[in-house]
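Trainee: All I have is the shape, not the residue letters:
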Ligand code: ADP
């Protein structure tokens, strides 16, 4: 597995560092990425399908792209690589880009991209993700292999990040059978009752100060880079967040309804402060383990999100990692209670641009791109 695109050094050799343009698909977390890029002095490029998307950015002049690339469909982006490189573009990937292109196509995109695209292989498979996170010391909800063995609340999840669409809760095999779509690949996970916290971390492998991630395995005892907590959010999910207002699960089902987990937005959160060291231990473990996933792998670079539940015993369960900027970081477009301590107003979008700016200054762009 190549850790960077084999042509990355050639592409970067042809780039003019003074002309670097931050490119992003106009969706997901693009407002903060574009705003942050501008704050760090970069030119910006918005990419979208059809002209309609552009209008919304008129409402946010602080984030409006300097240039636009309008496509007929997102796959066309793959053919625009040469043009994007001529425009000195670095793409900031987010969930919508990966979904629109498909992970397999995204990996082949011939444009320098922030972060390590190869980590998507580990993020995209629930089994590999579990291997990764557990080796980093994260405790995950149990998996139930045989639906007949459901005896207590479980959540059934379908393959691929779908923003929770189609997920459902079952208490026993009957519930499971009634709701499951057997055509789809699914996982049955113990339903952990607790409070949800989604931690937006940033790992900067080229920073030598701050909270350093201590390596494990082949990097035991080494300082590997700086871990920062940018913000914490909680997703707003329709309709599970509100259905209790209609009564019990049984009442809801009598009305022919099922709780669902479709993300509609996000709310900022802060964590009980005595739990923060544990949150950092989990973030640090996830990064340290990512560096050991494959022999020549560079692991996690830049923003990532640990999705967790904290039980009433104050124990964390990590149910997912997103190895890129997540839309939940939008709660902190203007900074979060945590990032503001270090620098007022710092968003994950600006932090990404800052990392690119530092790498240009240190002449080590290939350390943070792929
Ligand atoms: P996706 O990545 O497709 O959005 P997630 O794995 O993040 O899906 O799950 C979607 C939602 O389901 C979460 O935000 C959370 O509310 C709920 N959830 C997921 N796993 C569990 C679990 N093991 N126990 C309780 N709730 C869960």
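Mentor: The structure has been received and is ready for your questions. For clarity, every value in this text was computed on a predicted model and none was experimentally measured.

Trainee: give me every residue that touches residue 131.
Mentor: For residue 131, the contacting residues are residue 122, taking CB atoms under 8 Å, 6 or more residues apart in numbering as the criterion. Any C-beta I mention is one placed from the backbone N, CA and C, and that applies to glycine too.

Trainee: Could I get the phi/psi values of it?
Mentor: Here is the backbone geometry of residue 131 (degrees, to the nearest 10): phi -60, psi -50.

Trainee: pLDDT score assigned to it?
Mentor: The per-residue pLDDT reported for residue 131 equals 97.

Trainee: Check residue 234 too.
Mentor: In the predicted model, residue 234 carries a pLDDT score of 97.

Trainee: Pretty sure it sits against residue 266.
Mentor: Yes. Residue 234 is in contact with residue 266 according to CB atoms under 8 Å; the separation is 6.9 Å.

Trainee: Return every residue with contacts to both of the two.
Mentor: Overlap between the neighbourhoods of residue 234 and residue 266 consists of 198, 328, taking contacts as CB under 8 Å, 6+ apart.

Trainee: So between those two, which is more surrounded?
Mentor: Under the criterion of other CB atoms under 10 Å, the comparison of residue 234 against residue 266 puts residue 266 first, with 20 against 16.

Trainee: buried residues in the helix or strand that one falls within?
Mentor: With elements delineated by DSSP states H and E, residue 266 resides in strand 261-268, which encompasses its position. Taking 16 or more other CB atoms under 10 Å as the neighbour-count basis, strand 261-268 is seen to contain the buried residues 261, 262, 263, 266.

Trainee: Quick one: the strands in the protein, in order.
Mentor: The residue ranges that make up the strands of the chain, judged by DSSP state E, are 21-25, 43-49, 67-71, 89-91, 154-158, 168-170, 186-190, 195-204, 212-214, 223-239, 261-268, 302-310, 316-322.

Trainee: Does anything pack onto the fourth one? Which helices or strands?
Mentor: Other elements packing on strand 89-91 under the criterion 3 or more CB pairs under 8 Å, 6 or more residues apart in numbering; DSSP states H and E are strand 21-25.

Trainee: what's the distance between the strand it packs on and the middle of its chain?
Mentor: Here strand 21-25 shows a centroid-to-chain-centroid distance of 17 Å under the convention CA atoms, centre = their mean, to the nearest Å.

Trainee: on that earlier part again, for the strands of the chain, which one sits closest to residue 338?
Mentor: For these, the distance to residue 338 is smallest for strand 223-239, at 4.9 Å, taking CB to CB.

Trainee: So for that closest one, what gets flagged as buried?
Mentor: 224-235, 237, 239.

Trainee: Also stretch 101-111?
Mentor: 101, 106, 107, 109, 110, 111.

Trainee: chain center to the worst-scoring helix or strand of the chain on mean pLDDT, what's the gap?
Mentor: Among the helical and strand segments of the chain, the one scoring lowest on mean pLDDT, DSSP states H and E is helix 249-254, with a mean of 86. Between the mean C-alpha location of helix 249-254 and the chain-wide mean there is a distance of 34 Å, by CA atoms, centre = their mean.

Trainee: I'm done for today, thanks for sticking with me.
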